[in-house]
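[1] All I have is the shape, not the residue letters:
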């Protein structure tokens with residue numbers, strides 16, 4: 001592992017400074033007010049930075065609880081009140097900006113525990129393990145090629161090497177210019193990979209971004225391959241909280257914002273933006289109006305499109321945002337989350353988290369009773385288990401309970417002992433709020449700064465030049481939005497970090 005990091009550093013595979021921050025007063029001069037619409041990762045990241053610099057920030061969250069797609073809420077389960085969550089999330093170690101926000105509530109990140117292994121399950125081929133590769137490129141790529149039975153030397157010779165070169169030559173401008181109009185499916189086909197390698201090494205990866213390969217930009221897949229494997233010094237290892245997200249993250253972050261003078265309002269849906277001589281006005285569903293010089297919209301794509309459509313002032317103030325909103329507001333395919341409280345347990349050797357390849361519905365399995373303290377205590381008391389199954393991009397119009405039953409049946413084909421588990425409680429949901437990364441969408445994807453003065457966007461679907469994805473893109477864009485506000489007021493910005501900005505073979509992709 002140490003040798004891998006040394007090799008990687010020599011090639012520039014290390015943590016990079018995107019924005020050193022600083023450059024102004026430690027706090028904003030005078031009274032500066034901001035409203036952040038959305039209390040998920042993006043919104044709370046923006047609010048943390050703004051509040052710490054003395055901005056009077058108000059967070060408006062439509063739901064009863066914070067978190068967005070990392071949310072948690074109380075439910076009656078098995079005769080008692082338990083936390084249920086939006087779904088399992090992996091806190092990868094190159095999530096530098098998100099982890100920086102989390103260090104506000106736990107400087108040592110003691111609440112994050114390592115999740116051992118990263119196996120991928122298949123009904124057709126033996127399980128493959130990706131969590132114990134060397135952390136940094138090129139050693140991790142070499143180890144993958146040497147260890148993986150899905151990709152033999154003869155397969156490498158048969159690959160289209162020109163088609164494979166862009167995997168190693170990521171560039172934040174050129175990659176999108178050349179590959180954004182192609183689909184991830186077309187890119188994978190062009191590699192001429194064996195079917196097993198395609199299924200076990202690439203398709204599982206692309207599904208993790210809540211998009212089908214046939215509907216996802218090839219450039220976006222190349223960007224994420226760079227972010228998670230080839231430009232990243234931390235490897236595929238990841239951690240997870242040992243308590244539910246509400247307890248571990250959202251309650252402490254809300255207290256942190258409030259200690260610095262901010263306000264956090266839940267059950268407060270923003271319904272309209274207006275603008276006058278004194279700045280922005282944000283109307284909420286209960287009739288309250290919030291005035292501010294700066295507004296950060298940190299909501300999911302459908303909610304952003306709805307809010308833009310309900311705000312006629314934006315037609316003149318932000319015409320580019322208005323033009324982009326309908327397309328951007330169309331989310332990716334539905335995703336399903338099903339959590340089961342069961343009698344009995346699966347075999348003790350099963351991994352805490354597993355990806356799943358080529359099942360019609362099931363994409364991942366998480367054993368919460370081996371991960372989270374509350375679920376562990378329930379399992380110890382009852383002799384049972386708590387399982388969570390995900391479908392990252394499933395068929396539209398299928399009820400949540402039906403998808404849950406499909407996923408459970410598919411799990412039995414992979415882990416036969418799961419057939420003997422009796423389900424005591426099931427909580428299943430289907431939502432469609434994740435961003436789509438459709439071919440050709442990058443050029444029209446809105447960035448953090450809008451064409452209206454004092455209006456910014458943040459979220460995991462927002463365009464940014466620094467390599468990032470999922471939770472890290474949400475946090476990074478939230479911080480970028482806060483930095484725009486701070487610099488406009490003469491205050492010091494928050495530092496930003498990321499992985500290597502370019503691929504190992506920068507400038508070598510064929511034209």
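    Ah, there it is. Note that this is a predicted model, so its numbers are computed, not measured.

[2] Any idea how far apart the tips of stretch 307-316 sit?
    Using Cα to Cα, to the nearest Å, the end-to-end distance of stretch 307-316 comes to 15 Å.

[3] Work out the gap between it and the centre of the chain.
    Chain-centre distance of stretch 307-316: 28 Å, with Cα atoms, centre = their mean, to the nearest Å.

[4] List of residues touching it?
    The contact list for stretch 307-316 (Cβ atoms under 8 Å, 6 or more residues apart in numbering) reads 37, 270-275, 297, 299, 318, 321-322, 325-326, 329, 452. (Glycine included, C-beta is placed from N, CA and C.)

[5] Mind doing that once more with 7 Å?
    270-275, 297, 299, 321-322, 325, 452 (Cβ atoms under 7 Å, 6 or more residues apart in numbering).

[6] Need the buried ones from those residues selected in ChimeraX.
    In ChimeraX, this line selects whichever of the contacts of stretch 307-316 come out buried by 16 or more other Cβ atoms under 10 Å:
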select :270,271,272,273,274,275,297,299,321,322,325,452
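
[7] if you look at the contacts of stretch 307-316, which of them are in helices?
    Those of the contacts of stretch 307-316 mapping onto helices are 321-322, 325, per DSSP state H.

[8] if we can go back for a sec, out of the contacts of stretch 307-316, which comes closest to residue 414?
    Residue 414 has its nearest neighbour among these in residue 299, at 36.2 Å by Cβ to Cβ.

[9] Identify the residues contacting that closest one.
    By Cβ under 7 Å, 6+ apart, the neighbours of residue 299 are 37-38, 307, 459.

[10] go on, residue 428?
    Residue 428 is in contact with 336, 338, 400-401, 403-404, counting by Cβ under 7 Å, 6+ apart.

[11] what about 8 Å?
    By Cβ under 8 Å, 6+ apart, the contact set of residue 428 is 336-339, 400-401, 403-404.

[12] What is the helix or strand hosting residue 355 packed up against?
    Assigned by DSSP states H and E, residue 355 belongs to strand 353-357. Identification of packing neighbours for strand 353-357 by 3 or more Cβ pairs under 8 Å, 6 or more residues apart in numbering; DSSP states H and E yields strand 119-122, helix 204-207, strand 364-367.

[13] What strands flank that strand, and is each parallel or antiparallel?
    Counting by DSSP bridges, the strands paired with strand 353-357 are strand 119-122 (parallel), strand 364-367 (antiparallel).

[14] on that earlier part again, I'd like the ones in helices among the contacts of stretch 307-316 as JSON lines, with distance to residue 201 and pLDDT appended.
    Compiled in JSON lines, the ones in helices among the contacts of stretch 307-316 are given as follows (distance: Cβ to Cβ, whole Å; pLDDT from 0 to 100):
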{"residue": "321", "distance to residue 201": "38", "pLDDT": "97"}
{"residue": "322", "distance to residue 201": "41", "pLDDT": "98"}
{"residue": "325", "distance to residue 201": "36", "pLDDT": "96"}
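
[15] Going by distance to residue 187, which of these wins?
    The closest of these to residue 187 turns out to be residue 325 (Cβ to Cβ; 28.4 Å).

[16] Reduced to three states, what does the residue nearest to the closest one when sequence neighbours are not counted come out as?
    With sequence-adjacent residues excluded and distances taken as Cβ to Cβ, 6 or more residues apart in numbering, residue 325 is closest to residue 308, at 4.2 Å. Secondary structure state of residue 308, per DSSP: H, G, I helix; E, B strand; the rest coil, is helix.

[17] Which pair of the contacts of residue 299 spans the longest distance?
    Greatest spatial distance in these: 307 and 459, 12.5 Å, computed using Cβ to Cβ.

[18] For those two, indicate the residue with more neighbours.
    residue 459 (27 against 22; other Cβ atoms under 10 Å).

[19] The contacts of residue 299 in helices, which ones?
    Per DSSP H, those map to helices at residue 307.

[20] picking up where we left off before, could you give the mean pLDDT of the strand holding residue 355?
    Across strand 353-357, the average pLDDT comes to 95.

[21] quick one: low-confidence parts of this structure?
    For the chain, applying pLDDT under 70 flags the ranges 1-11, 507-511.

[22] how's it carved up into domains?
    Recorded structural domains for the chain (assignment: automatic domain parsing) are 21-69+245-328+436-494, 129-230, 334-431.

[23] first to last residue in the second one, what's the distance?
    Distance between the boundary residues of domain 129-230 (Cα to Cα) amounts to 17 Å.

[24] How far does that domain sit from its chain's centre?
    Using Cα atoms, centre = their mean, the offset of domain 129-230 from its chain centre is 19 Å.

[25] got it, and the longest one?
    Distance, stretch centre to chain centre, for domain 21-69+245-328+436-494: 17 Å (Cα atoms, centre = their mean).

[26] for this protein, longest helix please?
    Longest helix in the chain, counting by DSSP H: helix 470-488.

[27] Pull out the buried residues from that helix.
    So, applying 16+ other Cβ under 10 Å, buried residues of helix 470-488: 470-486.

[28] do stretch 25-32 as well
    28, 32.

[29] do the same with stretch 214-230
    For stretch 214-230, the neighbour count (16+ other Cβ under 10 Å) marks 215-230 as buried.

[30] and which of these is nearest residue 199?
    residue 221 (14.9 Å).

[31] Excluding chain neighbours, what is closest to the closest one?
    That would be residue 184: by Cβ to Cβ, 6+ apart, it lies 4.1 Å from residue 221.

[32] for residue 145, same thing?
    Per Cβ to Cβ, 6+ apart, closest to residue 145 is residue 151, 6.1 Å.

[33] Tell me who's in contact with the residue nearest to residue 221.
    When contacts are counted by Cβ under 8 Å, 6+ apart, residue 184 touches 206, 211, 213-214, 216-218, 220-221.
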